[in-house]
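Chemist: Sequence and predicted structure are below.
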Amino acid sequence: RKEVEQDPGPFNVPEGATVAFNCTYSNSASQSFFWYRQDCRKEPKLLMSVYSSGNEDGRFTAQLNRASQYISLLIRDSKLSDSATYLCVVTQYSSASKIIFGSGTRLSIRP
Amino acid sequence: DVKVTQSSRYLVKRTGEKVFLECVQDMDHENMFWYRQDPGLGLRLIYFSYDVKMKEKGDIPEGYSVSREKKERFSLILESASTNQTSMYLCASSPPSGIYNEQFFGPGTRLTVL
């Protein structure tokens, strides 16, 4: 079983829709969590960190469920520019060798 | 504006060649990382460095070595390139470790080994 698992997609949704995807992790000692965005043929860039209390940044909401060991990303009112691959990242405290990237979920927004 | 640069966007080498991939960051970050990214496998950590002349193995160090002689520069070395090292290589840097440590990535080097 992979340490971090994501549904690869692709998720193909119309503009304006709400879309959500999850990422599960296997190590309960995992400490910090992130969503990165990667556009086609570009480098990953941090989208948002994920806090225990959940956090929101405009149309994006990230949640952490430690009991079930998953994080989620919700995108409301999706835009064409949201089309990208979303990478889930899980790290363990102060140990860079335990940074684990999921293989990504591909999202495609259609007009 | 923060910047991580990599020496080449595309590289084609032959089996057995020694390959150097260079990465430079201008943010005075202590931590630097080398990853490879393959379809379906995500990013996998090869090596990282938390200070000049310091290095730690990541998840897949076999066939690779690294060098960090200066804080801003982190080099990945393929001693004898093989076809299974054909991949996208991404360098990243981050400030000193903490719980919330954003990584800044370079644009990547697509390496093809023939």
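Modeler: Done, it's in. No experiment lies behind these values; they were computed from the predicted model shown.

Chemist: so residue A:25 bridges to which residues?
Modeler: residue A:4 (DSSP bridges).

Chemist: Who are the contact partners of it?
Modeler: A:3-5, A:33, A:69-71, A:88, A:90, A:100 (Cβ atoms under 8 Å, 6 or more residues apart in numbering or on different chains). No exception for glycine: its C-beta is placed from N, CA and C like everyone else's.

Chemist: switch to 7 Å and redo it
Modeler: For residue A:25, the contacting residues are A:3-4, A:69, A:90, by Cβ atoms under 7 Å, 6 or more residues apart in numbering or on different chains.

Chemist: ditto for residue B:73
Modeler: Here residue B:73 is in contact with B:22-24 (Cβ under 7 Å, 6+ apart).

Chemist: Could you identify the buried members of those residues?
Modeler: B:22-24 (16 or more other Cβ atoms under 10 Å in any protein chain shown).

Chemist: Check which helix or strand residue B:35 maps to.
Modeler: strand B:31-38 (DSSP states H and E).

Chemist: contacts for the longest strand seen in chain A?
Modeler: The longest strand of chain A (DSSP state E) is strand A:84-92. Strand A:84-92 has contacts (Cβ under 7 Å, 6+ apart) with A:4, A:6, A:21, A:23, A:25, A:29-39, A:44, A:71, A:73, A:98-102, A:104-107, B:42.
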